[in-house]
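**Student:** Take a look and give me a structure for this.
(3 chains)
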Amino acid sequence: MMESVQSGKTEQATPPPKKAVRGQVFIYGKWCKGCHICVTFCPTGVLAMDGSGEHPLVAHPENCTACHFCDTHCPDLAIVVKRLKD
Amino acid sequence: MSTESHLVNEPETGMDPLPAEDWFESSETLQKLRKHKKFPTIWCSGCGIGIVMGALIRAIDHLGLDADNVALVSGIGCTARMPVYMDFNTLHTTHGRALAFATGLKIARPNLHVIAIMGDGDATAIGGNHFIHAARRNIGITTIIVNNNIYGMTGGQYSPTTPHDARATTAPYGNLEYPMPISELAITAGATYVARSTVYHAMELDKYIRDAIQKDGFSLVEAVSYCHTTYGRLNKLGTAADMLGAIKENSLSRQAFEKLTPQEQAMNAKVVRGVLHNIDTRVEFTRAYEKLVESLEQGVEN
Amino acid sequence: MAIQLMQGNTAIGYGAIAAGCRFFAGYPITPSTEVAELMARELPRLGGKFIQMEDEIASMAAVIGASIGGLKSMTATSGPGFSLMQENIGYACMTEVPCVVVNVQRLGPSTGGPTSASQGDMLQARWGTHGDHQIIALSPVSVRQAFDLTVAAFNLSEKFRTPVLLMADEIIGHMREPVELPDFARVPRQDRIVCESPADYIPYRNAPGDVPPMANFGTGYRYHVTGLYHDPMGFPTSRLDEIDPWIERINRKFDDHLDEIILVDEDTMDGARLALVSYGASARSARHALKLARQKGMRISMLTLLTIWPFAEKAIERLAGQVDRILVPEMNRGQIALEVERIAGRNRVQRINRANGEMVTPQMILNAIEADL
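**Tutor:** Okay, here's the model as predicted:
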C-alpha cells in the first residue's frame, strides 16, 4: 500500500455553507482495495485514509455535499452516497 | 478501528462486518450486480474499468431496462472481465470476436439490448475487422471500448492505441508505431452514434452510454482510461489517482476544441470529449431484415 | 416431395431447414457457396435469418451467438475457412453450444485446388481446435444422405450440446442425384427444453445423462457463458475440484452414449476374408468395387462410416475379428486409415490413397482387392 496519498488537488477541508445540499457516505471495506481515489478527489475533505492506510474513513461527514464524485469513481463500487433531505 | 467490512457514517465505529447481501441492497444500481459472484472484482486496485462498470449499471438502471432483455458480450482482456459481475445475459467469448458473437445474438433476438464491452487491443487489433464491419452494417449493438492504451491482462504490451514513443514490454525502446483513432475509425466505417469521454468524467459516461443504448443503430462509447500497473509503471506516470487526475488535465470538451484555431486543432494532443457523431440516415440492420421478412410474407400471401 | 434431381449442397441446405435451422452465417468459399446462397434465399421466407459475415471467424462466432439466442444455427465452408473457424469451434465445445458446421472438403493444403475434391480434413475435424476435446463429425455418401445426415447433425448437436461437423466433400457437394425428400414437417427434431425455473437454473450442472438443459438468452434465464474453465454456474474457475469434474462430465457426455452417436452401414458377408472400410465420396467407389468383386464371386465385406468421430472402434474391432485384411480407400494419404490401423493392426490394413483432387476409382480398389486375394 502507498504510504502517502499523492494528490495534485489537495484542498483544505472547508465546511460548506449552511443551506447547501448534504450527503451521507457509506463505505464497504470488504470490497475496497485502498486505491485512494476517493480520498484524493473529494472536494471538501470528507474522507481520509485510516490508520493502516488501507481503507478510507468518513472523517468529516458534515462536509459532504453529495457531489457523488467518490461513489461514481470508486472502481470497486464500495461507496454509496445518499443525499440527505434538509 | 476495524478495517473489516463496515458500514460507516462516523469514524471509530465498532460495527460488525456486513455481509455482502446487505451491501447489494444499499442502492438500486448495486442490485444490478450478480449476488452469487465473488467480489471484490478481479481488477487491480484503482483500475478505471470498475469506474466504467459503475457508469454502465447506472445507465441501465436509469433507463429502467428489464434485466432479461440485456445481454453483455465481451472478448478477452481485463475489460472483458466486466460482464460476469452483472446480473444480465452475459457472454465472454474469444479474443477480438465480441462483435461477431454479438451480431449473431442480436440477429437471433433483435429485441435484446446487446452491449459489447471491449478493450482497445481486443477491439481494434485482433477485433479490428469485426469492428469496422459491425459499424458498416449499422447493427444495433451498443459498443463500449475502454481505451487504456495497452494490453493490460498480459502484462503491458503495446496496443494499436499506445502513443508513439511510449514504452511497453514489447516496445522496450519506445513505440515506433502510431496510435489508431478509435472513434474516428467507427465514424468513417458507418457508426451512427459515436461519443467519447473518460473515466474521470464518469457522469458524462453514464449519459453517453444511456444515449448509445437508446440509439437504434451501431453506437460506440469510447471510455478513455488508464493502466497504472503496466503502462503507468513503464512510463513513470504514478498511481491510479495520479493517472486519473492526468486524464482530466489531458482532455477537453468538444465545444472547447471547436473554439480553437485550425492550427491549434491540428496540434491538439488532448482527448476530445463529447458526442462526436449522431446521424439517422441509415436503417439498423435487424430492422431492415425484418422488413425483408415481412415483404416476403406478403409476397407469399399474394 | 416429388422426386427431383438435386445437388448435394442443396440437400444439405434443405436438411438444415427440415431440422429447424433458422440462422445461417457464412462466407463464400468454393465448393460450399451454394449452401449459403440457398439459405440466403430460403431462410427469410421462413422467418429465419441469414447474414454473410466478413470472414469465417466471424461466421462461426455469429453462429454461436445466434444459437445462444435460441436459433438452430449453421455455417458452411471448405478447407481454408475450416482452418479459420477452429478457435471458435473449440469455444462451442467448451461452452457446449449446439451448432452445425459443414465442411465441403476441397483439395488442400492452403488454397490448393478450390474446385477439386478431397477428404484431407478428417483428422483436422477431430483435432483442429486446440486442447483436449471431443466432437461429432458425420460424412454423407450420397445426396439423400447429405439431407439425412444434416438433420442428424442438428439433432445430435442439440441432444449432446456440442458442435457437429458435417464433413462432406466436393464430389458429394456438387453432384446431382434423383432424390425424394421426406415431408419436412415429419422430420424428427430434437428441441431444447428447460424445466427448472430461472431461480433454480444451473447452466453447467452435472445433469443426469451429463447434458445440462440449455436455456436461451432473453427468456428469463440470465447466466454467464465463458470459454474459460468454469464452475457449474458458468463462472470462471481455476480450482481443480471444479475443473476435474467438468472434464469427466464432458467426456462421459460422449463416451457413455456412443451407441446413439456412431452411425455405420455394415454390409458383411459370411466367409469374407477381406473388408473395405470407407466414407464419403470414396465409399461410392468402394461400393461399386464391392459390387464388381462380388459379381466375380469374391466374398468381401464392407463397412461404411457415416459417423467419423467419435470413431467406430467397436465396429472396426468386430470387423477385424471376422476378416484377415482391411482396405481403406480415401482421398488423402491415410487419415482414417490411421484409426483402422490402430485397432486392427498396421500389417492387416492397406491404404488406397489419392490426394491430388481426383477420386479413388473403383478400378483402383478392385485391383487392390484382386492383388490381395
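**Student:** ok, now how distant is the residue nearest to residue B:226 when sequence neighbours are not counted from residue B:70?
**Tutor:** Closest residue to residue B:226 apart from its sequence neighbours, by C-beta to C-beta, 6 or more residues apart in numbering or on different chains: residue B:243 at 3.9 Å. In this view, the C-beta of every residue, glycine as well, is placed from N, C-alpha and C. Distance, residue B:243 to residue B:70, by C-beta to C-beta, to the nearest Å: 30 Å.
**Student:** Then residue B:63?
**Tutor:** Applying C-beta to C-beta to residue B:63 and residue B:70 gives a distance of 10 Å.
**Student:** what about the two, which has more around it?
**Tutor:** residue B:70 (25 against 13; other C-beta atoms under 10 Å in any protein chain shown).
**Student:** What does the spatially closest residue to residue A:84 that is not a sequence neighbour show for phi and psi?
**Tutor:** Nearest residue to residue A:84 in three dimensions, chain neighbours excluded: residue A:22, at 4.5 Å (C-beta to C-beta, 6+ apart). Main-chain dihedrals, residue A:22, degrees, to the nearest 10: phi -120, psi 150.
**Student:** and what of residue B:283?
**Tutor:** phi -80, psi 140.
**Student:** ok, it touching residue B:138?
**Tutor:** Yes - using C-beta atoms under 8 Å, residue B:283 is in contact with residue B:138, at 7.3 Å.
**Student:** Common neighbours of those two, please.
**Tutor:** With contacts defined as C-beta atoms under 8 Å, 6 or more residues apart in numbering or on different chains, no residue is shared by residue B:283 and residue B:138.
**Student:** Pull the contacting residues for residue C:356.
**Tutor:** C:107, C:116.
**Student:** Kindly recompute the last result at 10 Å.
**Tutor:** When contacts are counted by C-beta atoms under 10 Å, 6 or more residues apart in numbering or on different chains, residue C:356 touches C:107, C:113, C:116, C:118, C:331.
**Student:** Distance of the residue nearest to the last one when sequence neighbours are not counted relative to residue C:29?
**Tutor:** The shortest distance from residue C:331 to any non-neighbouring residue, by C-beta to C-beta, 6+ apart, is to residue C:119 (4.2 Å). Between residue C:119 and residue C:29 the distance is 17 Å, computed by C-beta to C-beta.
**Student:** Quick check on these two: which one has the bigger neighbour count.
**Tutor:** With neighbours defined as other C-beta under 10 Å, residue C:119 and residue C:29 compare such that residue C:119 has more, 28 against 21.
**Student:** Checking my notes, that one in a helix, right?
**Tutor:** No - read with DSSP: H, G, I helix; E, B strand; the rest coil, residue C:119 is coil and lies in no helix.
**Student:** isn't it right next to residue C:167, touching?
**Tutor:** Yes - Residue C:119 lies in contact with residue C:167 (C-beta atoms under 10 Å); the separation is 7.7 Å.
**Student:** quick one: whichever strand or helix holds residue C:247 to chain centroid distance?
**Tutor:** According to DSSP states H and E, residue C:247 maps onto helix C:240-255. Taking the mean of its C-alpha atoms, helix C:240-255 sits 23 Å from the chain's own mean (C-alpha atoms, centre = their mean, to the nearest Å).
**Student:** With stretch C:119-129 instead?
**Tutor:** Taking C-alpha atoms, centre = their mean, one finds stretch C:119-129 lying 11 Å from the centre of the chain it belongs to.
**Student:** in the stretch 51-200 of chain B, what spans have low per-residue confidence?
**Tutor:** When residues are selected by pLDDT under 70, none of them lie in the stretch 51-200 of chain B.
**Student:** how about the strands in it?
**Tutor:** For the stretch 51-200 of chain B, the strands defined by DSSP state E, counting those that start in this stretch cover B:70-74, B:89-92, B:113-119, B:141-147, B:193-198.
**Student:** Following element in sequence after the last one, please.
**Tutor:** This points to strand B:193-198. Heading C-terminal from strand B:193-198 (DSSP H and E), you reach helix B:202-214.
**Student:** partner strands of the helix or strand just after that next one, parallel or antiparallel?
**Tutor:** Downstream of helix B:202-214, the next assigned helix or strand under DSSP H and E is strand B:219-224. Partners of strand B:219-224 in the sheet, by DSSP bridges, are strand B:141-147 (parallel), strand B:193-198 (parallel).
**Student:** out of those strands, nearest to residue C:317?
**Tutor:** strand B:141-147 (51.2 Å; C-beta to C-beta).
**Student:** Now do the helices in chain A.
**Tutor:** In chain A, the helices defined using DSSP state H lie at A:37-41, A:69-73.
**Student:** In contact with residue B:196, which residues?
**Tutor:** If you count contacts by C-beta under 10 Å, 6+ apart, residue B:196 has them with B:145, B:147, B:181-184, B:186, B:204-205, B:208, B:220-224, B:251, B:254, B:271-277.
**Student:** now do 7 Å
**Tutor:** Contact analysis of residue B:196 by C-beta atoms under 7 Å, 6 or more residues apart in numbering or on different chains lists B:183, B:222, B:224, B:272-274, B:276.
**Student:** Between residue B:283 and residue B:138, tell me which one has more neighbours.
**Tutor:** Higher neighbour count among residue B:283 and residue B:138: residue B:138, with 24 against 15, using other C-beta under 10 Å.
**Student:** tell me the phi and psi of the more buried one?
**Tutor:** phi 50, psi 50.
**Student:** these two touch, right, it and residue B:287?
**Tutor:** No - with contact defined as C-beta atoms under 7 Å, residue B:138 does not count as touching residue B:287 (9.6 Å).
**Student:** Give me the residue ranges of the stretch 101-250 of chain C where confidence is low.
**Tutor:** Scanning the stretch 101-250 of chain C for pLDDT under 70 picks out nothing.
**Student:** my bad, chain A
**Tutor:** For chain A (pLDDT under 70), the answer is A:1-19, A:86.
**Student:** now the strands: where do they sit in it?
**Tutor:** Taking DSSP state E as the test, the strands found in chain A are A:22-27, A:47-49, A:56-58, A:79-84.
**Student:** now, of those, which is deepest in the fold?
**Tutor:** strand A:56-58 (a mean of 24; mean count of other C-beta atoms under 10 Å in any protein chain shown).
**Student:** and it, what does it pack onto?
**Tutor:** With contacts taken as 3 or more C-beta pairs under 7 Å, 6 or more residues apart in numbering or on different chains; DSSP states H and E, strand A:56-58 sits against strand A:22-27, strand A:47-49.
**Student:** is any part of the last one close to chain B?
**Tutor:** No - in terms of C-beta under 7 Å from any C-beta of the partner chain, no part of strand A:47-49 sits within range of chain B; the closest distance is 8.4 Å.
**Student:** residues in contact with that strand?
**Tutor:** Strand A:47-49 is contacted from outside by A:5, A:36, A:38-39, A:56-59, A:70, using C-beta under 7 Å, 6+ apart.
**Student:** measure the residue nearest to residue C:223 when sequence neighbours are not counted to residue C:234 for me?
**Tutor:** The spatially closest residue to residue C:223, leaving aside those adjacent along the chain, is residue C:203, at 4.5 Å (C-beta to C-beta, 6+ apart). Look at residue C:203 and residue C:234: by C-beta to C-beta, they are 5 Å apart.
**Student:** likewise residue C:58?
**Tutor:** Applying C-beta to C-beta to residue C:58 and residue C:234 gives a distance of 24 Å.
**Student:** These two - which one has more neighbours?
**Tutor:** residue C:58 (30 against 19).
**Student:** For chain A, see how far away that one is.
**Tutor:** Look at residue C:58 and chain A: by C-beta to the nearest C-beta, to the nearest Å, they are 32 Å apart.
**Student:** same deal with residue C:230?
**Tutor:** Distance from residue C:230 to chain A, by C-beta to the nearest C-beta: 23 Å.
**Student:** ok, now residue C:56?
**Tutor:** Relative to chain A, residue C:56 is positioned 38 Å away (C-beta to the nearest C-beta).
**Student:** Same question for residue C:237.
**Tutor:** For residue C:237 relative to chain A (C-beta to the nearest C-beta), the value is 21 Å.
**Student:** ok now do that residue, which residues does it touch?
**Tutor:** C:229-231, C:243.
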